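Peer 1: With the sequence up front, the predicted model follows.
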Amino acid sequence: ESCGRSHSPIGPSPSAPEDEVTSVALLVERLRLVGATWEAAPCRIAGDSERAGGDYEVELPPMIIRAIKGPPPKGHDWFSCPLIVANVDACAADFASHSVAHVAVKTALSPSVCALRGIRLVSCA
């Protein structure tokens, strides 16, 4: 699936074996990626926000988050990204709140770099 304007998986790969994919899915619109930029073509966290105009926060296209059975995907191209529900305010203090879940997201960066940069997904209430 393409990440452009269509709904796309954030979590497990659409090529995951059928016995690992559950019917639980959540459509999320106006989800924000904080701390990095987003590459629509391979559907992943992009490398450097400075090369993409310095965006620190970007709105993602509508996504479907799917639950899978078993452990999260492992490897250098997956990041266990915290998902935060925040209230919109002038200070954006909620963006540093505790996460309500973690979502496996493809990344061009190493998962360690993502964690050090504090990359996170934010849904504003």
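Peer 2: Received it, and whenever you're ready, just let me know what you need. Numbers count the residues shown, from 1 in each chain.
Peer 1: where exactly do the strands run in this structure?
Peer 2: 8-9, 21-28, 32-34, 38-39, 44-45, 57-59, 63-68, 78-86, 101-106, 120-124 (DSSP state E).
Peer 1: what's in contact with stretch 111-118?
Peer 2: Counting contacts by Cβ atoms under 8 Å, 6 or more residues apart in numbering, the residues outside stretch 111-118 that touch it are 34-36, 45, 76, 78-81, 107, 109. Heads up, the C-betas are built off the backbone N, CA and C, glycines and all.
Peer 1: now, which of these sits nearest residue 65?
Peer 2: In terms of Cβ to Cβ, no member of the contacts of stretch 111-118 lies closer to residue 65 than residue 81, at 10.6 Å.
Peer 1: what about the closest one, distance to residue 23?
Peer 2: Relative to residue 23, residue 81 is positioned 23 Å away (Cβ to Cβ, to the nearest Å).
Peer 1: more crowded one of those two?
Peer 2: For residue 81 versus residue 23, the count of surrounding residues by other Cβ atoms under 10 Å is larger for residue 81: 26 against 6.
Peer 1: who's the residue nearest to the more buried one when sequence neighbours are not counted bridged to?
Peer 2: Take residue 81 and drop its neighbours on the chain: the residue closest to it by Cβ to Cβ, 6 or more residues apart in numbering is residue 105, 4.5 Å away. Judged by DSSP bridges, the bridge partners of residue 105 are residue 79.
Peer 1: on that earlier part again, may I see the contacts of stretch 111-118 organised as TSV, with distance to residue 66 and pLDDT added?
Peer 2: Shown next, in TSV, are the contacts of stretch 111-118 (distance: Cβ to Cβ, whole Å; pLDDT from 0 to 100):
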residue	distance to residue 66	pLDDT
34	22	88
35	23	88
36	22	88
45	18	88
76	22	87
78	14	91
79	16	92
80	15	91
81	14	92
107	18	91
109	22	89
